[in-house]
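[1] Provide a 3D model corresponding to the input given below.
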Amino acid sequence: MERESRHLSVHVERAAAEVYAFASQPSNLPRWASGLGSDVVHEGDDWFVETPGGRARVRFAPPNDLGVLDHEVLTPAGETVHVPLRAIPDGDACEVVFTLRRAPGMTDEELDRDEALVRADLARLKEVVEGRS
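    Prediction:
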């Protein structure tokens, strides 16, 4: 069964490598990714965040020069959520693209709510890396 995806993006007036360097650091998540909580803890090879639903594990793709910021979130309920995220060069700037996927059983209202949250996070990422926040 094919799941619905929405590709959400923001144009950032910083080089893709600079955006990647910031966004690939789990310790920076509280500065821009509100959905992943405010407390980030590093334990061994893993990063954990405190979410409204409890503690979740976050694992980013291995370091790379391609702007791939994909990550997996192991939710407190034990579900693994794959999050495709890219910083794509655009001259001296970049476009950050987040792929939002409809989870099984998710209503239209829930998907729209998640889209609004992701758009707010992308706007916050833009503000932070452009130095306006």
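
[2] how long is stretch 23-35 from one end to the other?
    The stretch stretch 23-35 measures 14 Å between its terminal residues, going by C-alpha to C-alpha, to the nearest Å.

[3] and that stretch, what's buried?
    Ala23, Ser24, Pro26, Asn28, Leu29, Arg31, Trp32, Ala33, Gly35 (16 or more other C-beta atoms under 10 Å). Glycine gets a C-beta too; all of them are placed from N, C-alpha and C.

[4] swap in stretch 69-88?
    Neighbour-count burial for stretch 69-88 [16+ other C-beta under 10 Å]: Leu69, His71, Val73, Leu74, Val83, Pro84, Leu85, Arg86, Ala87.

[5] and which of the buried residues of stretch 23-35 is nearest Leu125?
    When the buried residues of stretch 23-35 are ranked by distance to Leu125 (C-beta to C-beta), Trp32 comes first, at 4.2 Å.

[6] for the closest one, which residues are in contact?
    Applying C-beta atoms under 8 Å, 6 or more residues apart in numbering to Trp32 gives the contacts Ala23, Asp121, Arg124, Leu125, Val128.

[7] can we see that at 10 Å?
    Each residue near Trp32 by C-beta atoms under 10 Å, 6 or more residues apart in numbering is listed here: 22-23, 120-129, 133.

[8] can you tell me the SS state at Glu18?
    helix (DSSP: H, G, I helix; E, B strand; the rest coil).

[9] surely it meets Cys94?
    Yes: because the distance of 8.3 Å satisfies C-beta atoms under 10 Å, Glu18 is recorded as touching Cys94.

[10] what is in contact with these two at once?
    The overlap between the contact sets of Glu18 and Cys94 (C-beta under 10 Å, 6+ apart) consists of Val12, Ala87, Val129.
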